[in-house]
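Chemist: Okay, sequence plus prediction incoming.
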Amino acid sequence: MLYYAIKVIITAVLIVLASEIAKRSSVWGGLVASLPLVSYLALLWLYVETRSVEKAASLAMSVFWLVLPSLPFFVVLAALLRSGRPFPLSLGLATVCLFVCYGITVLALRRFI
């Protein structure tokens with residue numbers, strides 16, 4: 001139980017840190033948010049718990065392929081916000097775009113990999 005509490009605390013601290021840094025500087029906040037911290041932690045926790053390099057390698061490749069369709073989310077969100085759309089609407093539409101891109105990628109990966 002203590003192990004899970006430590007995992008949650010470390011993960012939560014990193015997310016809060018990114019948002020606090022972003023309040024002061026969007027560039028530094030973007031840098032921290034763009035770091036693959038969640039992926040890094042997921043890989044770390046997976047390896048610590050399973051000691052399986054194969055599972056870690058498989059997760060790493062899955063993350064690689066699924067990062068690519070997430071990139072349009074940021075472009076769409078920024079474009080909608082800059083065009084004057086309300087934040088909740090922009091976030092919702094960008095999220096729909098994100099899921100569409102994920103769906104296309106998952107279908108493509110099933111077909112080609």
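Modeler: Nice, I can see it.

Chemist: show me the contacts for Phe87.
Modeler: By Cβ atoms under 8 Å, 6 or more residues apart in numbering, Phe87 lies in contact with Leu81. To be clear about C-beta, it is placed using only N, CA and C from the backbone, and glycine gets the same treatment.

Chemist: Look at it and report its pLDDT.
Modeler: pLDDT, Phe87: 98.

Chemist: now do the one 5 residues further on
Modeler: Model confidence at Gly92, expressed as pLDDT, equals 98.

Chemist: tell me the SS of it?
Modeler: Recorded secondary structure, Gly92: helix (DSSP: H, G, I helix; E, B strand; the rest coil).

Chemist: ok, Leu14 touching Leu37?
Modeler: Yes: here Leu14 reaches Leu37: they are 5.1 Å apart, a contact under Cβ atoms under 8 Å.

Chemist: Would you mind listing the residues touching both of the two?
Modeler: Counting by Cβ under 8 Å, 6+ apart, Leu14 and Leu37 have no common neighbour.

Chemist: just checking, what packs against the helix or strand bottoming out on mean pLDDT in the chain?
Modeler: Least confident element among the helices and strands of the chain, by mean pLDDT, DSSP states H and E: helix 26-34 (a mean of 82). In terms of contacts (3 or more Cβ pairs under 8 Å, 6 or more residues apart in numbering; DSSP states H and E), helix 26-34 is packed against helix 2-24.

Chemist: Name the residues of the helix it packs on that are buried.
Modeler: Within helix 2-24, the residues that count as buried by 16 or more other Cβ atoms under 10 Å are 14, 18, 21-22.

Chemist: cool, stretch 32-52 as well?
Modeler: Using 16+ other Cβ under 10 Å as the test for burial, stretch 32-52 gives 32-33, 37, 39, 42-43, 45-46.
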